[in-house]
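Colleague: Using only what follows, build the 3D model:
(2 chains)
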Amino acid sequence: MNINAIREQFPILHQEINGHPLVYLDSAASSQKPRSVIDAVKRYYELDNANVHRGVHTLGSRATDAYEGARAKVAAFLNAETPEQIIFTRGTTTALNLVASGYARAVCGEGDEIVITPMEHHSNLIPWQQVAKATGATLKYIPLQPDGTISLADVEKTITPNTKVVSVTYVSNVLGVVNPIKEIAAIAHRNGAIMVVDGAQSTPHMRVDVQELGVDFYAFSGHKMCGPTGIGALYGKKDLLNGMEPIEYGGEMIDFVELYESTWKEIPYRFEGGTPMIAGAVGLGAAIDFLESIGMDEIDRHEKQLAAYAYDKLSTIEGITIYGPKENRVGLVTFNLDDVHPHDVATVLDSKGIAVRAGHHCCQPLMRWLNVSATARASFYLYNTEEDIDRLTDGLIQTKEFFGHAIG
Amino acid sequence: MQLDDLYRRVIMDHYKNPRNRGTLEDDAVTINLNNPTCGDRISLQLQVVDGKVVDAKFTGEGCSISMSSASMMTEAVKGQTFESAIQMAEKFSALMKGDSVEFEENEDIEALSGVNKFPARIKCATLAWNALRKGIENQNKE
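Modeller: Alright, predicted model coming up:
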């Protein structure tokens, strides 16, 4: 993996921020975009733009081919059985809400259980709270081990024959831990429940095979994997999708419309009411081509190396606390410095051109579990280097000095 | 971008030695406010007598800017009528917009003028002041 050649393809990285070369360590929030993705979106608008699935004219056909071509790329990328099992959405949040509203509300009732974990992002937590409230189902949590991992013994104890839905993140956006999805899915299925996966933090960074994992629904966002904002997808098992009611009604998703009754198109179109994010899908397709050209295993290996390097290097800073396990972690490190609030850490780092995230990371229950109100997080992607982590380490040492002096 | 513009010595002093940190009696007006985007939270208490704030205390969690701002605000608001407290909060909003404003109530507050150059941090500085406004608005409604 030629890191310099990769960095060359990301125009945004080659600029100074506050007088320093940019070190972008916030890809878990949103990744940067390679030129090929930016160009694909531009080319679509300049050459092919029209509405999809409607026009008889040539541009309409080209737009439709581009949009459906992107769907086929997503399907292949996740190793879905067929492209029609990929529903384009605005992102992970919309995809998870679609499962909650379109599937879970219909199947859950009093006495049923929905099982999640305390490490879920709000987008894989609140939809289930709302389903539980609306249906009378009980929301249950698989407890976390002291290091933030999930034990399969706890999974066995929490999931029961009353469980209808299990929804777990593949990778925690705070702890960086990779959860044993395949094993959890097997336990869910043995109890007659379906398995939903929040893939927002896994899809950009590792090879994902939804059939191998044996999951029923899998959601992810394009913008965290070099694609545009406003596009993501939901993968679903064919029989489950076929049994689901749409949650948005309008153009594009209908079969016949009468004055008082209507019927729906087949999947995936019945879940894609209105004009879809065509350019976004085209950009996502280009992002997949880009990632595949480097290789997901290669990207995974690079980021694991960076994570291990960062963990060791940051551990040398006196007064730092790193959250989550050392092993089995993706390319992100969440931490706090003693006596310096993470917002202050982020502001000082920004003054040195280093972009990190500070706050609760949309994981308030997990923050309470960690017994902190906020944390700082550095997250890596294929374009990050060990030099970036050295700059981060130096920046954190300077932050401590600055606050030690300022508070002194 | 000069860090010293933001983190002035007087701010760090209020952060390290917050004034009025603690709680008042149960009959005090209590306002709980949080900043949902970042997790900062404040619980502000105002002891109110005849339309005047006679005492103020706060507890909470947050960065140096939000906590020092709370410390300064509680110092300044003591002894103020509701009307003058709201006027002071208006002045603070103007300070955050980059206006040159004097605070004879507590000159320390002027040290927060540098926050204006750090747009992402303005919400930190205004948290305690929003709690003050909310508390007085609730009192005026009663």
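
Colleague: How about the residues of chain B by chain A?
Modeller: For chain B, the residues found near chain A under the criterion CB under 8 Å from any CB of the partner chain are B:1, B:3, B:6-7, B:9, B:12, B:15-16, B:37-41, B:61-65, B:118, B:120-121, B:124. Yep, even glycine has a C-beta here, placed from its N, CA and C like the rest.

Colleague: Give me the subset of those residues that lies in helices.
Modeller: B:3, B:6, B:9, B:12, B:15, B:16, B:64, B:65, B:124 (DSSP state H).

Colleague: related to what we said a few turns ago, buried ones among the residues of chain B next to chain A?
Modeller: The neighbour-count test (16 or more other CB atoms under 10 Å in any protein chain shown) applied to the residues of chain B next to chain A identifies B:3, B:6-7, B:12, B:15-16, B:38-41, B:61-65, B:118, B:121, B:124 as buried.

Colleague: returning to what we had before: what is the nearest of the ones in helices among the residues of chain B next to chain A to residue A:322?
Modeller: Proximity to residue A:322 was ranked across these by CB to CB; first place goes to residue B:64, at 22.2 Å.

Colleague: Neighbours of the closest residue in space to residue A:229 that isn't next to it in sequence, how many?
Modeller: Setting aside the residues directly before and after it, residue A:229 is nearest to residue A:223 in space (CB to CB, 6 or more residues apart in numbering or on different chains), at 4.3 Å. The criterion is other CB atoms under 10 Å in any protein chain shown. On that basis, residue A:223 has 24 neighbouring residues.

Colleague: All the strands of the stretch 201-350 of chain A, in order from the start?
Modeller: Here the stretch 201-350 of chain A has its strands, by DSSP state E, counting those that start in this stretch, at A:217-221, A:232-236, A:254-257, A:262-264, A:320-323, A:332-337.

Colleague: So which of these is nearest chain B?
Modeller: Distance to chain B, taken as CB to the nearest CB, is lowest for strand A:332-337 among the strands of the stretch 201-350 of chain A, at 12.0 Å.

Colleague: tell me what that closest one is packed against?
Modeller: Packed against strand A:332-337 by the contact rule (3 or more CB pairs under 8 Å, 6 or more residues apart in numbering or on different chains; DSSP states H and E) you find helix A:296-315, strand A:320-323, helix A:342-351, strand A:375-379, helix A:386-407.

Colleague: List the contacts of it.
Modeller: Judged by CB atoms under 8 Å, 6 or more residues apart in numbering or on different chains, the contacts made with strand A:332-337 from elsewhere in the structure are A:28, A:173-176, A:307, A:310-311, A:314, A:317, A:319-324, A:342, A:345, A:361, A:372, A:375-380, A:396, A:399-400.

Colleague: Going through the residues you listed, which ones are buried?
Modeller: Looking at the contacts of strand A:332-337 with 16+ other CB under 10 Å, the buried ones turn out to be A:28, A:173-176, A:307, A:310-311, A:314, A:317, A:320, A:322-324, A:342, A:345, A:361, A:372, A:375-380, A:396, A:399-400.

Colleague: ok, which of the residues you listed also contact chain B?
Modeller: residue A:342.

Colleague: so where is the stretch 251-400 of chain A shaky, pLDDT-wise?
Modeller: Of all residues in the stretch 251-400 of chain A, none has pLDDT under 70.

Colleague: For it, what lies in contact range of chain B?
Modeller: Near chain B, the residues belonging to the stretch 251-400 of chain A are A:341-344, A:347-348, A:350-351, A:358-360, A:364, A:367, A:373-374 when assessed by CB under 8 Å from any CB.

Colleague: Identify the farthest-apart pair in those residues.
Modeller: Comparing all pairs in these by CB to CB, the longest separation belongs to A:351 and A:364, at 28.0 Å.

Colleague: quick one, which of these two is more surrounded?
Modeller: For residue A:351 and residue A:364, the more surrounded residue by other CB under 10 Å is residue A:351, and the numbers stand at 21 against 16.

Colleague: Help me confirm that the more buried one comes into contact with residue B:3.
Modeller: Yes: taking CB atoms under 8 Å as the definition, residue A:351 is a contact partner of residue B:3 at 5.2 Å.

Colleague: wait, what's in contact with the nearest residue to residue A:136 once chain neighbours are set aside?
Modeller: Using CB to CB, 6+ apart and skipping the chain neighbours, the partner closest in space to residue A:136 is residue A:110 (4.0 Å). If you count contacts by CB under 8 Å, 6+ apart, residue A:110 has them with A:135, A:136, A:137.

Colleague: Make a ChimeraX selection of whichever of these turn out to be buried.
Modeller: Below is the selection syntax for ChimeraX that covers the buried ones among the contacts of residue A:110, with 16+ other CB under 10 Å defining burial:
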select /A:135,137
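
Colleague: got CSV for the contacts of residue A:110, with secondary structure and pLDDT too?
Modeller: Converted to CSV, the contacts of residue A:110 look like this (DSSP: H, G, I helix; E, B strand; the rest coil; pLDDT from 0 to 100):
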residue, secondary structure, pLDDT
A:135, helix, 98
A:136, coil, 98
A:137, coil, 98
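
Colleague: Quick check: the gap between residue A:132 and chain B.
Modeller: 22 Å (CB to the nearest CB, to the nearest Å).

Colleague: count of neighbours near that residue?
Modeller: 19.

Colleague: Report the central residue of chain A.
Modeller: Note on chain A: the residue nearest the mean C-alpha position is residue A:200, at 1.0 Å, using CA atoms, centre = their mean.

Colleague: Chain neighbours aside, what residue packs nearest to that one?
Modeller: With sequence-adjacent residues excluded and distances taken as CB to CB, 6+ apart, residue A:200 is closest to residue A:92, at 4.2 Å.

Colleague: Repeat that for residue A:167.
Modeller: residue A:196 (3.9 Å).

Colleague: Beta-bridge partners for the one you found, please?
Modeller: Beta-bridge pairing of residue A:196 under DSSP bridges involves residue A:167, residue A:217.

Colleague: thought residue A:186 was touching residue A:214?
Modeller: Yes: counting by CB under 8 Å, a contact exists between residue A:186 and residue A:214, whose distance comes to 6.6 Å.

Colleague: the bottom helix or strand of chain B by mean pLDDT?
Modeller: Ranked by mean pLDDT, DSSP states H and E, the helix or strand of chain B with the weakest confidence is helix B:3-6, at a mean of 85.

Colleague: Packing partners of that one?
Modeller: When contacts are defined as 3+ CB pairs under 8 Å, 6+ apart, helix B:3-6 sits against helix A:342-351.

Colleague: Name the residues that touch the helix it packs on?
Modeller: Residues outside helix A:342-351 that contact it (CB under 8 Å, 6+ apart): A:17-18, A:336-337, A:355-359, A:374-376, A:392, A:395-396, A:398-399, A:402-403, B:1, B:3, B:6-7, B:38, B:40, B:62-65, B:118, B:120-121, B:124.

Colleague: Lovely, talk soon.
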